[in-house]
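> Pasting the sequence and the predicted coordinates here, then a few questions.
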Amino acid sequence: MMSKSLVQLHWDYFLLMEKDLIEISETLELDKANFAAFGPRILQLILAAGSELDVALKSFASIVAPESSANMSERPNMSDFKTMIAENALEQFATATVKILRSDILLSPWACISEHPDKSISWWDAYNKVKHKRTSNYSKATFEVGLNLVAALFIVDAYLAEASLEPVSGFTQIIDWDHHRRMPQLEEYYATIL
């Protein structure tokens, strides 16, 4: 029996979340005018994407920064992850732009790391508020937060695959790169095969 790699497991789970987003888009148009929309399906997507993003960031840290607090800490937080990204992949994460196909939505969820390194990430804050105090923060579980979490996860999973030099199986349906830069590991890889 062949087991899946860590990278493929992350990618497969991302593709399932993308299917959830597709189902939401069957009743809610993929449009900036709907960014403030909220509801139970969007909340479900936010909670799943936020939880998976936390796990994916831990996996990413183990590959690109094994000595970082994001990898060594028993309970790393977003501050640890932001520091790890800033020290090891800032150019890649800060400039990565994700396109939501079938719309004009472009998202750069990690750009804030270079623009405002000391500030918290708004979509992550909203996820945490909804996760810990759902009743009083239900209206913060917006479509925009969900889209940014899914886009942030796409970037982490794609760069996890690149940093691991491991191809993944399965294609996205409505999420793709608009712009991204290769991980430094790929430059080393391409230099050895050319």
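Yep, that arrived. Residues are numbered from 1 along each chain as shown.

> which residues of this protein fall in strands?
Listed in chain order, the strands of the chain (DSSP state E) span 97-100, 105-107, 175-179.

> Show me how far the shortest one is from its chain's centre.
Right, the one you point to is strand 105-107. 13 Å (CA atoms, centre = their mean, to the nearest Å).

> in its sheet, what does that strand sit against?
Looking at strand 105-107 with DSSP bridges, its partner strands are strand 97-100 (antiparallel).

> mind checking how far the strand it pairs with is from the chain centre?
Centre-to-centre, strand 97-100 and its host chain are 11 Å apart (CA atoms, centre = their mean).

> ok, the closest residue to Thr142 other than its chain neighbours to Asn128 distance?
Closest residue to Thr142 apart from its sequence neighbours, by CB to CB, 6 or more residues apart in numbering: Phe38 at 5.0 Å. Bear in mind the C-beta positions are built from the backbone N, C-alpha and C, glycine included. Distance, Phe38 to Asn128, using CB to CB, to the nearest Å: 16 Å.

> Can you pull up the most central residue in this structure?
Leu153 (1.6 Å; CA atoms, centre = their mean).

> How about that one, nearest residue that isn't a chain neighbour?
Nearest one to Leu153, counting by CB to CB, 6+ apart, is Leu53 at 4.8 Å.

> what's the one you found in contact with, if anything?
149, 152-153, 156 (CB atoms under 8 Å, 6 or more residues apart in numbering).

> all helices for the chain, in order.
Taking DSSP state H to define them, one finds helices in the chain at 6-25, 40-64, 69-72, 78-88, 90-95, 112-115, 122-132, 134-137, 143-163, 184-193.

> With mean pLDDT, distance to Ile121 and mean neighbour count added, can I get the strands of the chain in CSV?
Listed next are these as CSV, based on pLDDT from 0 to 100; distance: least, CB to CB, whole Å; neighbours: other CB atoms under 10 Å:
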stretch, mean pLDDT, distance to Ile121, mean neighbour count
strand 97-100, 96, 15, 20
strand 105-107, 97, 13, 18
strand 175-179, 87, 19, 15
